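In: fold the stuff below for me.
(one chain, ligands or ions: 2)
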Amino acid sequence: MSSTAASQSADTPAHSANPVNTTTPLAQPLKRESTSEHPPRDQPDPTLESNRNASKGGLSAARPSAAAELASLEIKLKSSLRQFPDFPEPGILFEDILPIFADPEAHEGLLRALELSVEKTGWGKPDVVVGLDARGFLFGPSLALRLGASFVPVRKRGKLPGPCETAEYQKEYGSDFFQMQADAVKQGQKVLVVDDIIATGGSASAAGSLVTKLGGTVVGYLFILELDFLKGRDKLNAPVYTLLTGQEEKVGQ
Ligand SMILES: O=P(O)(O)OC[C@H]1O[C@H](OP(=O)(O)OP(=O)(O)O)[C@H](O)[C@@H]1O
Ligand SMILES: Nc1ncnc2[nH]cnc12
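Out: Residues are numbered from 1 along each chain as shown. Ligands and ions are numbered 1, 2, ... in the order given. The predicted structure is shown next:
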């Protein structure tokens with residue numbers, strides 16, 4: 001397994017300085033080798049220093065059994081992912097999260113792990129869970145229900161009726177536009193942004209900028225998987241927590 005660091009992300013400007021809602025032409029999508037180092041499948045991901053930074057207190061001290069439950073769920077979730085090389089374009093190792101949702105036990109495990117993660121971080125109960133089009137819609141509403149929060153979608157451009165805010169962004173493969181309805185988040189609401197994967201961080205950064213434009217405060221970003229070698233979290237201006245990190249090549253079928 002080879003490890004590949006994406007050197008461009010080290011120079012990425014901070015989220016707050018990144019004008020994601022302009023129509024300025026964007027740089028070419030990132031091309032790279034498709035694998036990186038990863039922990040063995042039968043061991044939990046080593047807790048990232050940055051995940052530790054996201055957490056105020058932690059489950060281990062407060063509820064050791066919850067910390068063990070979360071670690072065990074993370075191992076199971078990792079085994080549910082599968083990878084497709086060269087999709088949607090050459091050089092991209094695509095991480096397919098859909099097997100999680102095909103298996104009710106894994107699906108339940110995901111929701112429980114996300115719930116425990118919110119507890120672990122100590123970010124507090126959000127008013128709103130914002131999920132990103134499209135894979136953030138697979139679990140964002142269920143998590144919102146469990147947390148007693150509203151769910152609000154960020155959609156690709158042209159799908160939402162009424163007045164909208166728009167942000168352009170670049171992701172691991174290509175560029176796109178995100179929109180939110182202008183009244184979707186109220187002034188001062190605490191917002192948790194969720195998505196399946198953070199790669200370059202372009203999508204999540206654009207979503208965060210839309211929340212801020214609407215008057216909300218992003219209390220944290222929560223992902224199932226982080227392609228950490230792309231350093232996407234450096235683009236985000238709020239704490240980040242991810243259940244799994246790294247990329248492992250295992251050809252899907
Ligand atoms: O960190 P980034 O480099 O921005 O990449 C991450 C984003 O890319 C994928 O979505 P995609 O745009 O492919 O849309 P989909 O969910 O509709 O497939 C993924 O679900 C994240 O939203
Ligand atoms: N490698 C990848 N696999 C799946 N979704 C992605 N979104 C951005 N990069 C991705």
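In: every contact and neighbour count from this point should use C-alpha atoms.
Out: Fine.
In: now the spatially most central residue of the chain: how far from ligand 1?
Out: Residue closest to the mean C-alpha point of the chain, counted by C-alpha atoms, centre = their mean, is Phe223 at 3.2 Å. To ligand 1, Phe223 is 9 Å away according to C-alpha to the nearest ligand atom, to the nearest Å.
In: surely that residue meets Leu192?
Out: No - if you go by C-alpha atoms under 8 Å, Phe223 and Leu192 don't touch, sitting 10.6 Å apart.
In: what's Gly220 in contact with, if anything?
Out: For Gly220, the contacting residues are 123, 191-193, 238-241, by C-alpha atoms under 8 Å, 6 or more residues apart in numbering.
In: please, which helix or strand holds the residue nearest to the centre of the chain?
Out: strand 217-226 (DSSP states H and E).
In: between the following helix or strand past that strand and strand 217-226, how big is the angle?
Out: Per DSSP H and E, the first helix or strand lying C-terminal to strand 217-226 is strand 240-245. Angle between the axes of strand 240-245 and strand 217-226 is 10 degrees (criterion: axes from the mean of the first three to the mean of the last three C-alpha atoms, to 10 degrees).
In: what about Gln187, neighbour count?
Out: 13 (other C-alpha atoms under 10 Å).
In: tell me the secondary structure for the residue lying closest to it once chain neighbours are set aside?
Out: Distances taken as C-alpha to C-alpha, 6 or more residues apart in numbering put Gly215 closest to Gln187, at 4.3 Å, once the chain neighbours are dropped. What DSSP: H, G, I helix; E, B strand; the rest coil gives for Gly215 is coil.
In: what's the distance between Gly215 and Ala182?
Out: 10 Å (C-alpha to C-alpha, to the nearest Å).
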